[in-house]
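Trainee: test case, fold it:
(chains A, B and C)
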Amino acid sequence: MVPITYYLVLSAILFACGVAGFLIKRNIITIFMSIELMLNAVNLTFVVFAAHWQKLSGHVFVFFVMVVAAAEAAVGLAIIIAIFRTRETLNVDRVNLLKL
Amino acid sequence: MTNVLTFILVAIIKIVITVFVLLTAVAYTVWLERKVVGRMQNRWGPTRVGPFGLLQPLADGLKFILKEDLTPPYVNKPIYILAPMLAVVMALTSIAIIPIGPTLHIGDYATPIQITGVTDANGQSSDIAIGLLIILGVTSIGVYGIALAGWSSNSKYSLLGSLRASAQMVSYEIALGLSLVGVLMITGSFSLRAIVEHQQGLMFGFIPRWNFFYGFQFVAFFIYLMAAFAETNRIPFDLPEAETELVAGYHTEYSAMKFAMFFMAEYANMVTVACLASVMFLGGWSGPVFGPPIVQSLLPVLYFMARIFFFLFLYIWIRGTLPRFRYDQLMGFGWKFLLPLAIANIVITAFVIAWRA
Amino acid sequence: MHLILFIIFAVFCVGGALGLLISKHPINSALSLIVVMVSLAVLYLLLGAEFVAAIQVIVYAGAIMVLFVFTIMLLNAGEEERTKGSRVATALGFPALIIGAATVIYAILAKIGITGSLSLGQFRGTPEAVSDLLFRDFLLPFEVTSVLILIAIMGAVLLARKGSAE
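Mentor: Presented below is the predicted three-dimensional model:
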């Protein structure tokens, strides 16, 4: 018997780590991975509430979040590859001007 | 409480037996391959170590243990050590889900011949409701073993070989999964035991109700077979690890025990593919049973082993016969031929099921 | 039993998340994130969401993260450099993380009145039940996501093509 707040606190910690990674890290790919971590934390919250209120819509929503995350990862990584080809760096501090 | 303890004890016994049998099977599959390919090439194969070369795997094992385990100084050590462990663990984990036989009744106690199965009070066995999804998941994680091996070796041949191998495995995973959807639609459950039990019995008195015949999944069977050959990196899809290409691919920088682990992983994957093909398409353990109850429980296991042996022989036979695909032909085959064919199979199966209902 | 398993895998999750933050090389961050995802799959199993756990492993840990790992290997991203901007960000970021997490946790524990416990096996999200919902009530979003994936495939192929520099 695990209280629900334990799961919610874990989800909050993961989300906070995702936000921190997004703000602290300088590598584009690591920033992108922090976004995925945030999405996972939210998925955990959905599944917890689905179990709490015994409704399966939570699971269906998690399914859709995963699909959207997959699509976003594919397009985002393609954009990162395109940026790498022109700027030749993955450090966001160096990609901060519109002109090369 | 004693119920739980008995269950744990029986599970441990099953795990020990399965691991022992599996590792021996892997070692002797290597022997079988060398013998059969040798005979196909009109030569003897191993004959010197023991009668018919039967002790050759023991000699090879001893060699691997005693060889110098050289770790190059420029590799990424944690990932270098993790990669072969990941490959072997994932290859051996899939066996836990596969049902090898029906329920075994020893006196008063009933247990299914499967590591992850339970028997309820009536003697009915059931296993994990998402068994097939777990096997697909474990196969997906197995890609990391190869990708990380090439990366950590810090050498261009290894990296290119591992990226090629991983891209090939990821591409054929899709065709693999989709080819199994037809069987799932016919059975209506992800549980492997339910799929096997759906295929018991005979139709018209002599044709077995396997998914290959009665379920008309022969196209799916061949798609599955081809995708599985690509997943296990075997000929004709073994470009990433052929000796004449890219030195030796992702396991160039590995020596002795870690190299042996990659090979064990490859042959264990072959055994898993054989098990899954016989469970999904060839009726699992179906066959005529007779005799006292203990024989009745163990005879299906023999039939299952016969099917696995047939698939391993098929793997080795094809290895001795076919040349290998070029990489662009390989990827084009997976994406442009197998994937549309698998989807067409799903659509046609759906129509047939709807028409029959 | 449920509590012990929850604590073990929650520790793995948080450890992986902190590993993502602390690692200097992106490949170590990627491996930490894979640990997080697999631990989350086990937590989903504890919550009875077996279909979601399976597709978490197959889709997230087995496909999306493979994509990340491929990109890191192909682009050969080296370790992060310590520039002035990154030092400032780290100095401000970790306290901000702790304050943010503490605020949300306080809000959950004290203000939002959610009580109740979950026990193992009380709720099962079987594939049959989830697909019943997915293909009846949520059919339109399901079809729209298939169009979304098609668009994503086309976009990714177009953006990553060699000739896109022209």
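
Trainee: can you show me the CA trace of the helix or strand containing B:F221 as CSV?
Mentor: Under the criterion DSSP states H and E, the helix or strand holding B:F221 is helix B:218-231. Output of helix B:218-231 as CSV, limited to C-alpha atoms (Å, rounded to 0.1, in the frame of the first residue of the first chain):
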residue,chain,number,x,y,z
PHE,B,218,2.2,-18.6,-44.2
VAL,B,219,3.1,-15.2,-45.6
ALA,B,220,3.5,-13.9,-42.1
PHE,B,221,5.7,-16.9,-41.3
PHE,B,222,8.1,-16.1,-44.1
ILE,B,223,8.1,-12.4,-43.3
TYR,B,224,8.9,-13.3,-39.7
LEU,B,225,11.6,-15.7,-40.7
MET,B,226,13.3,-13.1,-42.9
ALA,B,227,13.0,-10.4,-40.4
ALA,B,228,14.4,-12.7,-37.7
PHE,B,229,17.4,-13.5,-39.8
ALA,B,230,18.1,-9.8,-40.1
GLU,B,231,17.6,-9.3,-36.4
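
Trainee: now do it: everything it contacts.
Mentor: Outside of helix B:218-231, the residues that reach it under the criterion Cβ atoms under 8 Å, 6 or more residues apart in numbering or on different chains are B:139, B:168-169, B:171-173, B:175-176, B:178-180, B:182-183, B:211-212, B:235-237, B:269, B:273, B:276-277, B:280-281, B:315, B:318, B:330, B:334, B:338, B:341-342, B:345, B:349. Glycine gets a C-beta too; all of them are placed from N, C-alpha and C.

Trainee: can you check stretch B:344-357 too?
Mentor: B:L178, B:S179, B:V181, B:G182, B:M185, B:I186, B:F216, B:Q217, B:V219, B:A220, B:I223.

Trainee: how close does B:Q56 sit to chain C?
Mentor: Taking Cβ to the nearest Cβ, to the nearest Å as the measure, B:Q56 and chain C are separated by 36 Å.

Trainee: and that residue, what pLDDT?
Mentor: Looking at B:Q56, its pLDDT stands at 89.

Trainee: do the same with B:A27
Mentor: Per-residue confidence (pLDDT) for B:A27: 90.

Trainee: which parts of chain C sit against chain B?
Mentor: Proximity of chain C to chain B (Cβ under 8 Å from any Cβ of the partner chain) is limited to residues C:27, C:31, C:34, C:38, C:50-51, C:53-55, C:57-58, C:61-63, C:66, C:69-70, C:73-74, C:126-127.

Trainee: now a ChimeraX select for only the buried ones of these.
Mentor: To isolate the buried subset of those in ChimeraX, counting by 16 or more other Cβ atoms under 10 Å in any protein chain shown, use the following:
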select /C:27,31,34,38,50,51,53,54,55,57,58,61,62,63,66,69,70,73,126,127
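
Trainee: from the contacts of helix B:218-231, which would you call buried?
Mentor: A residue is treated as buried here by neighbour count (16+ other Cβ under 10 Å); on that basis the buried members of the contacts of helix B:218-231 are B:139, B:168-169, B:171-173, B:175-176, B:178-180, B:182-183, B:211-212, B:235-237, B:269, B:273, B:276-277, B:280-281, B:315, B:330, B:334, B:338, B:341-342, B:345, B:349.

Trainee: show me the residues you listed that map onto helices.
Mentor: Using DSSP state H, B:139, B:168-169, B:171-173, B:175-176, B:178-180, B:182-183, B:269, B:273, B:276-277, B:280, B:315, B:330, B:341-342, B:345, B:349 are the members of the buried ones among the contacts of helix B:218-231 that sit in helices.

Trainee: quick check, the residue in chain C closest to chain B?
Mentor: In chain C, the residue that lies nearest chain B is C:G62 (2.6 Å; Cβ to the nearest Cβ).

Trainee: who touches the residue lying closest to that residue once chain neighbours are set aside in this structure?
Mentor: For C:G62, ignoring the flanking residues on the chain, the nearest one in space by Cβ to Cβ, 6 or more residues apart in numbering or on different chains is B:S140 at 2.6 Å. The contact partners of B:S140, by Cβ under 8 Å, 6+ apart, come to B:E173, C:V57, C:I58, C:A61, C:G62, C:A63, C:V66.

Trainee: which non-adjacent residue is nearest the third one?
Mentor: Nearest residue to C:I58, sequence neighbours excluded (Cβ to Cβ, 6+ apart): B:G137, at 4.7 Å.
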